[in-house]
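Undergrad: Model the following, please.
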Amino acid sequence: MRMILGEGIARLGTGIVIGVVVMYFAARVLKPLLYHVSPRDPLVIAAAISGILISGVLAALFPAVRAMRLDLSATLRQD
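TA: Okay, here's the model as predicted:
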């Protein structure tokens with residue numbers, strides 16, 4: 001379970017870092033499209049990252065739980 005969750009969370013962290021960097025550079029372009037919100041508003045950024053983290057951890061948790069339920073010896077012996 002730790003291996004599958006670790007892979008999912010590592011990819012999630014990489015995606016969040018890349019997304020924050022892209023957001024920082026795209027903020028200038030997005031500013032005219034936003035209404036009463038700064039493109040670099042820390043509360044909005046934290047809320048978006050929190051939502052992505054929660055959904056990403058849940059998305060990684062389901063396959064991890066499913067893998068835990070498998071009988072590995074029976075799975076490896078199948079032809």
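Undergrad: Ile16 contacts Ser55, doesn't it?
TA: No. Using CB atoms under 8 Å, Ile16 is not in contact with Ser55, being 11.7 Å away. For every residue, glycine as well, the C-beta is placed using N, CA and C.
Undergrad: Look up how far Leu58 lies from Ile52.
TA: Look at Ile52 and Leu58: by CB to CB, to the nearest Å, they are 11 Å apart.
Undergrad: Which one of those two is surrounded by more residues?
TA: Legend: neighbour count by other CB atoms under 10 Å for Ile52 and Leu58, higher for Ile52 (14 against 10).
Undergrad: Which residues are in contact with each of Ile52 and Leu58?
TA: Common contact partners of Ile52 and Leu58 (CB atoms under 8 Å, 6 or more residues apart in numbering): none.
Undergrad: Of Ile16 and Ser55, which one has the most company?
TA: For Ile16 versus Ser55, the count of surrounding residues by other CB under 10 Å is larger for Ile16: 15 against 11.
Undergrad: Next up, the contacts around the more buried one.
TA: Per CB under 8 Å, 6+ apart, neighbours of Ile16: Ile49, Ile52, Leu53.
Undergrad: go again using 6 Å as the cut-off
TA: Applying CB atoms under 6 Å, 6 or more residues apart in numbering, we find Ile16 in contact with Ile49.
Undergrad: quick one: which helix or strand includes it?
TA: In the assignment (DSSP states H and E), Ile16 maps to helix 2-30.
Undergrad: What are the buried residues along that helix?
TA: Residues of helix 2-30 classed as buried: Ile4, Leu5, Gly8, Leu12 (neighbour count, 16 or more other CB atoms under 10 Å).
Undergrad: How far off centre is that helix?
TA: Averaging C-alpha positions (CA atoms, centre = their mean, to the nearest Å) puts helix 2-30 7 Å from its chain's average.
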